[in-house]
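# Fold the following for me, if possible:
(2 chains)
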Amino acid sequence: MDLPNMVLDWLAATIRLSAPLMLAGAGGLFTERTGIFNIGIEGMMLCGTMAAVAASLATGNLLIATLFAMFVGGLLALVHAYLTVTRRADQIVAGAAINLFALGITNLLNTPLYRAYEYRPRAPLYPVLAPEALQELPFIGPILFDQPVIVWVAFILPFVAAWFLYRTTWGLNIRAVGDHPHAVATAGLSVFRLKYAGVIISGLSAGLGGAALALADLGLFAPNMTAGRGFAVLAAFVVGKWNPIYVAAACILFGAADALQLRAQTYGLAIPYQIFVMLPYLLTIAALAGLVGRTVGPKTVGKPYDPQIV
Amino acid sequence: MTKRQSRPVLPVLGELILSGGRPVLAILASLVVSSLLILASGANPFRAYAAMLDGAVGSAAALANTGVRAAPLLLGGLGVALGFKAGLLNVGVEGQIYAGGAAAAAIGITPLPVPAWLHIFLAIVAGFLGGALWGLIPAYLKAFRGVSEIVISLMMNYVGIQFASLLVHEPSPLALEGAFYPQSPLILSSARLPILIRGTSLHAGLPLGLLIAVILHLALRYTPFGFRTRITGENPEAGRYAGVNIRAQIMLVFLLSAGLGGLAGTGEVLGLKLALYDYFSGGLGYDGIAVALMANGNPLAVILTALFFGLLRAGAGKMQVAVGIETPIAQVIQALAVLFVIAIGFAEQVRITRREGTEMVAEEAPAHGPS
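Predicted coordinates:
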């Protein structure tokens, strides 16, 4: 492959691989903004991939597959919300338990998922909607238009999230509850309801991200196929300073590293692929350590809300 | 009768049973829910669990298998449990397993002009230090910069996995040339952990873990180190008045915790896999968190929970043969048990110590990360 084609191929892959991260990131932000840390995003995404493949295989209807993946992600998020908000359990521990459960249940159902088939069929994929003329445009055609529709959704959703968070009263409440829950309670709003909403939104979007991962170009489920992408989303919150647009930008950066990682050997790069896989996590550590500017998250994230303790 | 008077009446044994009752209840609940899954797959849950038990404790080989599975969970779980006591949550065990395993392998594949007992000792020490090294960044940032150890150690996991992967791919000096699956050369026989029962793979990692559990239990209870650790977790402000160097204690405990994670990887590499393989752990570090949580951070209880999780894994193979349910059912039972323990509220003590820990640091260093 010559250089221009390599760059083109890499950029198109970057856009495609960023999409699951951006989808999960846009909603995942809401849980962190309400002060609930959700490391279970990884597991919710993983269950989302399996749910999407199962529903797509069964019905062939992408809308149903998408909604089912979101439903499964949301259901796991409901468990997380119950444990962390109602039971006030440790958020990390609850999220880790959800990840263990997600890994176990998807490994368990992996064989039954394909039991009816002799070979592993590819599930129906998200369609490419752009007209052929646009897809064939030089350079921007393959990058922007020869992409499944879910990729477009991924690029719109962060703006929707930003609008909700910064331009609506409800978004203001969500932001306030993570920083000053007692003030929100004093204003007569239900802290619990806002936190539940935040966590469930993160689960819905994690499921959606899982659907994008499975049905954008693969159409298959493989055990542990998220392989840490949920954690990369958590990293994007830090690097993107909890702002939906910056988080989306961080997700694109991570997607670019991921795309390069997969191509390091074919492109004959001197840098080993493992370096690119490490990159998002190293960047996050640097950001938290204060090496690249100051990073301040929602004030009460990680701490349980107890109306009795001010 | 007032509460104050009635309290001593409750015997110590009764309290132990009460505190142990919740995890047992959680395990029972997880077995019940899992039996629904087994029923749904068309098998008889009683036959399934009987097969599992037989596969885990039914023969010497089965028992050895349970021990082999429990060893890394025990060592990693002890690391997490030690952290709990100081109000620290080490979720970086997975990365520490790879770092420790890699360091142990580096010594273990190098011919040294020393007697065998010294070679294996050096390899184990290297494994411990490798894990501790992987804990250095989160420990330092937590103790001196007030940055949450949780996110940092979580991110270190993926760096560790990829770092070990780099080491077993050519042109690394640790990589075995032309290997079918990326790996290091085999560990030299002078650096392999001794096998306890001939004909099985039960290695010395399990007794090492048992020994460390007892030492940790005694150290936490009866030594100045234990006092400093507990006060760091429970009431750092009071600790500071008592002259405890809280920052130093956070560093020390986190490094020891990470070192134990390193030992979990060391046992796998020197005792079971006998080489450093790409992705050799596959999530043992996260299981270690579950083990410590089920035991509520009590080192002696970690022995029981690690053996129980080991039993599930060892028995799952036989269960698959007997009734056809796949082996990941062990993971599901384990995760459900943890979820039930959390839901019942056994984890609340851990949470309270951690919350106080975070508040302490927040006051100290306003330039906190996500505080």
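
# dump the residue contacts of residue 175.
You didn't say which chain, so I picked chain A. Applying Cβ atoms under 8 Å, 6 or more residues apart in numbering or on different chains to A:R175 gives the contacts A:33, A:165, A:298. The way it works is simple: take the backbone N, C-alpha and C, and place the C-beta from them, glycine included.

# not quite, I wanted chain B
So B:A175 contacts B:167-169, B:182-184 (Cβ under 8 Å, 6+ apart).

# which of those residues are close to chain A?
Among those, the ones lying near chain A by Cβ under 8 Å from any Cβ of the partner chain are B:H169.

# quick one: which of the contacts of B:A175 is nearest A:S56?
The closest of the contacts of B:A175 to A:S56 turns out to be B:P182 (Cβ to Cβ; 33.7 Å).

# can you count the residues close to the closest residue to chain B within the stretch 151-300 of chain A?
Residue of the stretch 151-300 of chain A nearest chain B, by Cβ to the nearest Cβ: A:G297 (2.8 Å). Other residues lying near A:G297 total 24 when counted by other Cβ atoms under 10 Å in any protein chain shown.

# Which of the three states applies to it?
coil (DSSP: H, G, I helix; E, B strand; the rest coil).

# you'd agree it is up against A:R33?
No - A:G297 lies out of contact with A:R33 (Cβ atoms under 8 Å); the separation is 9.1 Å.

# Quick check: neighbours shared by the two?
A:W242.

# so B:T232 sits right up against B:G239, yeah?
Yes - in this structure, B:T232 is within contact of B:G239 by Cβ under 8 Å, at 5.8 Å.

# re earlier: of the contacts of B:A175, which is the most crowded?
B:S184 (27 neighbours).

# Out of the contacts of A:R175, grab the one that's most surrounded.
A:R33 leads the contacts of A:R175 on contacts (other Cβ under 10 Å) with 27 neighbours.

# ranges for the helices of the stretch 151-300 of chain B?
B:205-222, B:224-234, B:236-241, B:246-267, B:284-294, B:299-323 (DSSP state H, counting those that start in this stretch).

# The last one packs against which elements?
Where contact means 3 or more Cβ pairs under 8 Å, 6 or more residues apart in numbering or on different chains; DSSP states H and E, helix B:299-323 is packed against helix B:12-40, helix B:45-57, helix B:60-85, helix B:205-222, helix B:284-294, helix B:329-344.

# Give me whichever of the ones you listed is most buried.
helix B:284-294 (a mean of 28; mean count of other Cβ atoms under 10 Å in any protein chain shown).

# So what angle separates the directions of that one and helix B:246-267?
Taking axes from the mean of the first three to the mean of the last three Cα atoms, to 10 degrees, one finds that helix B:284-294 is oriented at 120 degrees with respect to helix B:246-267.

# Include mean pLDDT when you put the helices of the stretch 151-300 of chain B into CSV, please.
CSV is the format used below for the helices of the stretch 151-300 of chain B (pLDDT from 0 to 100):
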stretch, mean pLDDT
helix B:205-222, 97
helix B:224-234, 95
helix B:236-241, 92
helix B:246-267, 97
helix B:284-294, 94
helix B:299-323, 94
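
# Okay, the closest residue to B:R69 other than its chain neighbours and B:V332: tell me how far apart.
Using Cβ to Cβ, 6 or more residues apart in numbering or on different chains and skipping the chain neighbours, the partner closest in space to B:R69 is B:G310 (3.8 Å). Separation of B:G310 from B:V332 (Cβ to Cβ, to the nearest Å) stands at 16 Å.

# next one: B:A248
From B:A248 to B:V332 the distance is 42 Å (Cβ to Cβ).

# In TSV, list the helices and strands packed on helix B:299-323 along with distance to B:G95.
Shown next, in TSV, are the helices and strands packed on helix B:299-323 (distance: least, Cβ to Cβ, whole Å):
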stretch	distance to B:G95
helix B:12-40	27
helix B:45-57	29
helix B:60-85	11
helix B:205-222	19
helix B:284-294	7
helix B:329-344	20
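
# Surely B:Y98 is in contact with B:V159?
No - using Cβ under 8 Å, B:Y98 is not in contact with B:V159, being 9.2 Å away.

# who has more neighbours, the two?
Using other Cβ under 10 Å, the more surrounded residue of B:Y98 and B:V159 is B:Y98, with 34 against 24.

# and that one, what does it touch?
B:134, B:160-161, B:163-164, B:265, B:280-281.

# and it, what element?
helix B:93-108 (DSSP states H and E).

# can you state the direction angle for that helix and helix B:60-85?
Going by the same axes, to 10 degrees, helix B:93-108 makes 120 degrees with helix B:60-85.

# Quick one: residues contacting the closest residue to chain B within the stretch 1-150 of chain A.
Residue nearest to chain B within the stretch 1-150 of chain A: A:G104 (3.0 Å; Cβ to the nearest Cβ). By Cβ under 8 Å, 6+ apart, the residues touching A:G104 are B:328-332, B:334-335.

# mind checking pLDDT for the closest residue in space to B:E170 that isn't next to it in sequence?
For B:E170, ignoring the flanking residues on the chain, the nearest one in space by Cβ to Cβ, 6+ apart is B:E177 at 6.5 Å. Per-residue confidence at B:E177 stands at 89 (pLDDT).

# still on that earlier bit, now, of the contacts of B:Y98, which are buried?
Buried members of the contacts of B:Y98, counted by 16 or more other Cβ atoms under 10 Å in any protein chain shown: B:134, B:160-161, B:163-164, B:265, B:280-281.

# Just confirm A:I64 contacts A:A55, I think it does.
Yes - using Cβ under 8 Å, A:I64 is in contact with A:A55, at 5.4 Å.

# more neighbours, those two?
A:A55 (24 against 14).

# Could you say which helix or strand holds the more buried one?
Using DSSP H and E, A:A55 falls in helix A:41-59.

# Quick one: mean pLDDT over that helix.
Helix A:41-59 comes out at a mean pLDDT of 97.

# picking up where we left off before, can I assume the residue nearest to B:R69 is in contact with B:A64?
No - applying Cβ under 8 Å as the test, B:G310 and B:A64 come out as separate, 10.7 Å apart.

# Distance to B:A60 added to the helices of the stretch 151-300 of chain B, as a markdown table?
Shown next, in a markdown table, are those (distance: least, Cβ to Cβ, whole Å):
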| stretch | distance to B:A60 |
| --- | --- |
| helix B:205-222 | 14 |
| helix B:224-234 | 37 |
| helix B:236-241 | 48 |
| helix B:246-267 | 20 |
| helix B:284-294 | 24 |
| helix B:299-323 | 12 |
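
# what's near enough to touch residue 250?
As the question left the chain open, I've gone with chain A. Contacts of A:A250 by Cβ under 8 Å, 6+ apart are A:25, A:235-236, A:239-240.

# Chain B, not that one
Counting by Cβ under 8 Å, 6+ apart, B:I250 has contacts B:86, B:88, B:139, B:142-143, B:232.

# at 6 Å instead, please
B:142-143 (Cβ atoms under 6 Å, 6 or more residues apart in numbering or on different chains).

# Check the gap between it and A:P121 for me.
From B:I250 to A:P121 the distance is 53 Å (Cβ to Cβ).

# Run a quick neighbour tally on the closest residue to B:L216 other than its chain neighbours.
Leaving aside its sequence neighbours, B:L216 sits nearest to B:P299 (Cβ to Cβ, 6+ apart; 4.2 Å). Residues within reach of B:P299, counting by other Cβ under 10 Å, total 24.

# can you check A:P4 too?
Neighbours around A:P4, by other Cβ under 10 Å: 9.

# distance of it from A:F139?
9 Å.

# who touches A:P304 in this structure?
Neighbours of A:P304 in contact, by Cβ under 6 Å, 6+ apart: A:R88.
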